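Engineer: What follows is a protein structure lacking sequence information:
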Ligand code: MN
Ligand code: MN
């Protein structure tokens, strides 16, 4: 047996450190799988979260409140697409708050504003993909349709088709290998092009024996849409419709140690953050758990972290208790709760083994993201790393470090930089994911459980 070094550090499998947590991890992840199946889009996530927090005593925040009582639990729904949960602490807000910020949007296929067409007696939807996807992965995957569409009279309908067993699903076709000789000469990136991601939605024509109907399959499909939802073709211009994989979250492996699901980036962090926040009773420091939108396209828009929505809420809170919000920020700490790329032995070349994150080695502390010389990264300070590592170690949370691939091999970003630019110490902390941004991402249940423990430990930071 090799001598154990007194000086070296090794990141190891969670069960070598926390020997008895597998059962707790399995239990925790049953709730996670249910959450995933009921919350495929940011709108559905916000709905699920509001139902849950209202049942736990959270009240909609009133910015005209006269005071903030310690222990009070509040929520702010930002346009049905991002949500902020707050638990008021005993300490004054100017001593800082604990932010946990995850995102609830995921890569997917959005409908174009004029999406319906017919080609050779098949009806289709045109899509524009959202976020970074490998386009070749999306054909021949069963898809479900989600979103909101407004009618001419101002009313709207929320649509979810393809999640229940008795509902139809949708699909994108791919070329059979027999005829794909030319297609297979394309690069992987161009193997299936953006304008080829057309979703099949019908094949029965409307029949009229007296006169010929133009685009009769499209017409019949539109009639079904009208009969079902009272919507017409023009209404797609006032809609947000997302197509996502219809697959349910499922256990993977003989040992059931892993989960495959759509949208684990970043709901695999959002769910542990949600549960940790719900369980955060009477903290010293105020906790602010944010479930934000638009991260996958650069945190843009007024439901993403580029917007002031969170910082306006913080100003409202500061106004109520009569402190300066800038004092709050400079004393705050933020976990940007986002995923990292797990080391994949099959594609080992892109990882630097000593600094990659691995499944089953615990929650990942990502000092920096970015690309080519850390460009676009928050790059957490030594002080921030030290603070968070101490919080983890004090409560026996199993953690590892993580870097997004080898130097100069690629890169990425998170919401971290949009928080740190407010003068808030920020670090990325989340789950290692295999096949990230694919229709069926893979994670470890032990990691998910220890990420929940990490967020719980963090919210006790005072
Ligand atoms: Mn993410
Ligand atoms: Mn992502």
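Structural biologist: Great, that's in hand. It should be emphasised that the depicted structure is a prediction, and the values quoted were computed from it without experimental measurement. Numbering: from 1, shown residues only. Ligands and ions are numbered 1, 2, ... in the order given.

Engineer: hey, let's count contacts and neighbours off CA atoms from now on
Structural biologist: Will do.

Engineer: so what's the residue of the stretch 51-200 of the chain found nearest ligand 1 up against?
Structural biologist: Closest approach between the stretch 51-200 of the chain and ligand 1, counting by CA to the ion: residue 103, at 6.6 Å. The contact partners of residue 103, taken as CA atoms under 8 Å, 6 or more residues apart in numbering, are 266, 267, 270, 290, 291, 292, 293, 294, 295, 337, 338.

Engineer: Return the member of the residues you listed nearest to residue 51.
Structural biologist: Of all the contacts of residue 103, residue 291 has the smallest distance to residue 51: 14.5 Å, by CA to CA.

Engineer: quick revisit: for the residue of the stretch 51-200 of the chain closest to ligand 1, give the beta-bridge partners.
Structural biologist: Beta bridges link residue 103 to residue 292, judged by DSSP bridges.

Engineer: Wasn't residue 50 part of a helix?
Structural biologist: Yes - under DSSP: H, G, I helix; E, B strand; the rest coil, residue 50 falls within a helix.

Engineer: Checking my notes, residue 117 in a strand, right?
Structural biologist: Yes - under three-state DSSP, residue 117 falls within a strand.

Engineer: That one touches residue 218, doesn't it?
Structural biologist: Yes - with contact defined as CA atoms under 8 Å, residue 117 counts as touching residue 218 (6.3 Å).

Engineer: So if I had to pick from the two, which one is more boxed in?
Structural biologist: Comparing residue 117 with residue 218 by other CA atoms under 10 Å, the one with more neighbours is residue 218, at 25 against 19.

Engineer: And the more buried one, what's its pLDDT?
Structural biologist: Model confidence at residue 218, given as pLDDT, is 98.

Engineer: That one is in what secondary structure piece?
Structural biologist: Element membership for residue 218, per DSSP states H and E: helix 216-229.

Engineer: Past that helix, which element shows up next along the chain?
Structural biologist: By DSSP H and E, the next helix or strand past helix 216-229 is strand 239-245.

Engineer: Run the chain-centre distance for that following strand.
Structural biologist: From the chain centre to the centre of strand 239-245 is a distance of 15 Å (CA atoms, centre = their mean, to the nearest Å).

Engineer: tell me what that strand is packed against?
Structural biologist: Strand 239-245 is packed against strand 108-119, strand 143-150, with contacts defined by 3 or more CA pairs under 8 Å, 6 or more residues apart in numbering; DSSP states H and E.

Engineer: got those strands as CSV, with mean pLDDT and distance to residue 241 columns?
Structural biologist: Formatted as CSV, the helices and strands packed on strand 239-245 follow (pLDDT from 0 to 100; distance: least, CA to CA, whole Å):
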stretch, mean pLDDT, distance to residue 241
strand 108-119, 98, 6
strand 143-150, 98, 4
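
Engineer: Can you check which of those gets nearest to residue 358?
Structural biologist: strand 108-119 (25.4 Å).

Engineer: circling back: let's have the helices and strands packed on strand 239-245 in CSV, adding distance to ligand 1.
Structural biologist: Shown next, in CSV, are the helices and strands packed on strand 239-245 (distance: least, CA to the ion, whole Å):
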stretch, distance to ligand 1
strand 108-119, 13
strand 143-150, 20
